[in-house]
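Novice: no sequence on this one, just coordinates:
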DNA sequence: GCGCATCCCTACCAATCGGTAGGTTGCCGG
DNA sequence: CCGGCAACCTACCGATTGGTAGGGATGCGC
């Protein structure tokens, strides 16, 4: 194993690059194996560091996890905000959001996967104004702003958001499992269909 | 802690009841915390047993996990087979399946949650003819039998199945996380909306 | 040159992980 | 009455978990 020689590595190459890289590794590994399934030493080892270096930067596993989830959620939230800038009707805003969400997933599956994981695991030490919470709330609010769902209350909108998010996220998150059963060629082809099917689901459910 | 007194418990109450109960506990805990997040001792402890009693019955953690997933998948698969008994068009069969799947989730959320988890974790020692694999294959085949998707190939059908499954499963699986952010009252109300929204998604996507 | 903070290391800790070994209890067929 | 078996136990194993303590190298401001 090439662990970058003890003292010789200490000339750091950027203003705290390793921190960023650690969060990125954490994002990927937490997304792939879940909170309990990814150990901090395995995350640190991806960069040739010891787990103590990781703890030095983040203090605890949960703190790192929170950062990773928040960063992933922030990336998704940004897509939503971008889609909401133009003052189109909320139906179009959501359609635009889910379209760019699909684009994000094809480039960086870990983001959506981590959000999905967090919805299942609920391991995040919930921050009131965090990106994850804001993402969910904004989605619900936007659905509630649509003509069809504005009378349905938060619960109805939450149900819509949950189903659309589940539909949009599962394919890229389940890639490894599906590849083992249907072959990676089939799965890759299926992923290319996902965007337009998702678009159809979104517009279908928002307009009735 | 009341661990049922050492020898006095040895009169077992049924032909091998504890085995069944252990699988049930495993199903719940694996569903709630994932494969890595649920330890065999925590599963055994739910029934006041030691982890060695569990290992005595199943041999290894993975064997127990496989049984739990297979049993959950078999329960879902049974719903699909039931829905396919009448020779209605495949669109109606799938609609009936997803309707009863929603009913199952409201009674036993762990079943769907475990299937969803397995799609993410891919921890199952894949059995070729297992219920989990059969479930996915049967769903894909049925979607492929619909008028709209019969020309789209397995990949297109797989994309449809994945999205519908994700939409149908996420709400009940994310209950704890959503309750923490929106309140359990709102989530409970949202769950009651899930069935009809899901039905709309299914018929919408299958018929175009 | 000196103090100090940043970064990363080795060494160590208690707790828990999945799993093995071996013993004890109670039922059941001979 | 007795041997075998299923069920469950305590005790233990090595490995790994998240986390602490403390030290060494580097670079920056003074």
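Specialist: Structure received. For clarity, every value in this text was computed on a predicted model and none was experimentally measured.
Novice: please enumerate the helices of chain A.
Specialist: For chain A, the helices defined by DSSP state H cover A:17-37, A:40-45, A:51-58, A:61-85, A:90-107, A:109-121, A:131-144, A:153-173, A:175-182, A:184-207.
Novice: okay if I get those as a markdown table plus mean pLDDT?
Specialist: Compiled in a markdown table, these are given as follows (pLDDT from 0 to 100):
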| stretch | mean pLDDT |
| --- | --- |
| helix A:17-37 | 95 |
| helix A:40-45 | 96 |
| helix A:51-58 | 94 |
| helix A:61-85 | 97 |
| helix A:90-107 | 97 |
| helix A:109-121 | 97 |
| helix A:131-144 | 97 |
| helix A:153-173 | 97 |
| helix A:175-182 | 94 |
| helix A:184-207 | 96 |
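Novice: and these as CSV, adding mean neighbour count and distance to residue B:61?
Specialist: Every C-beta, even on glycine, is put in place using the N, C-alpha and C of the backbone. Converted to CSV, these look like this (neighbours: other Cβ atoms under 10 Å in any protein chain shown; distance: least, Cβ to Cβ, whole Å):
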stretch, mean neighbour count, distance to residue B:61
helix A:17-37, 20, 13
helix A:40-45, 19, 19
helix A:51-58, 16, 24
helix A:61-85, 20, 22
helix A:90-107, 19, 32
helix A:109-121, 25, 19
helix A:131-144, 21, 31
helix A:153-173, 25, 23
helix A:175-182, 18, 19
helix A:184-207, 18, 28
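Novice: nearest to residue B:56, of those?
Specialist: helix A:17-37 (25.0 Å; Cβ to Cβ).
Novice: can the closest one be found next to chain B?
Specialist: Yes: Helix A:17-37 lies within reach of chain B by Cβ under 8 Å from any Cβ of the partner chain, at A:33, A:34, A:35, A:36, A:37.
Novice: what's the pLDDT at residue A:9?
Specialist: We have a pLDDT of 36 for residue A:9.
Novice: anything in stretch A:111-128 near DNA strand D?
Specialist: No: taking Cβ under 7 Å from any atom of the strand as the criterion, stretch A:111-128 and DNA strand D are apart, separated by no less than 11.0 Å.
Novice: does chain B sit close to that stretch?
Specialist: Yes: interface with chain B: stretch A:111-128 contributes A:113, A:116, A:117, A:118, A:119, A:120, A:121, A:122, A:126 (Cβ under 8 Å from any Cβ).
Novice: among those, which pair sits farthest apart?
Specialist: Using Cβ to Cβ, these span at most 19.6 Å, a distance reached by A:113 and A:126.
Novice: next one: residue A:30 relative to residue A:126, how far apart?
Specialist: As judged by Cβ to Cβ, to the nearest Å, residue A:30 and residue A:126 stand 16 Å apart.
Novice: let me fix that: residue A:37
Specialist: Separation of residue A:37 from residue A:126 (Cβ to Cβ): 21 Å.
Novice: now swap in residue A:174 and tell me
Specialist: Distance of residue A:174 to residue A:126, computed by Cβ to Cβ: 26 Å.
Novice: of the two, who's got more company?
Specialist: With neighbours defined as other Cβ atoms under 10 Å in any protein chain shown, residue A:174 and residue A:126 compare such that residue A:174 has more, 24 against 12.
Novice: what residues are up against the more buried one?
Specialist: With contact set as Cβ atoms under 8 Å, 6 or more residues apart in numbering or on different chains, residue A:174 has these partners: B:119, B:120, B:162.
Novice: same question, residue A:25
Specialist: The contact partners of residue A:25, taken as Cβ under 8 Å, 6+ apart, are A:43, A:44, A:46, A:47.
Novice: tell me the phi and psi of the third one?
Specialist: Which is residue A:46. phi -60, psi -30 (degrees, to the nearest 10).
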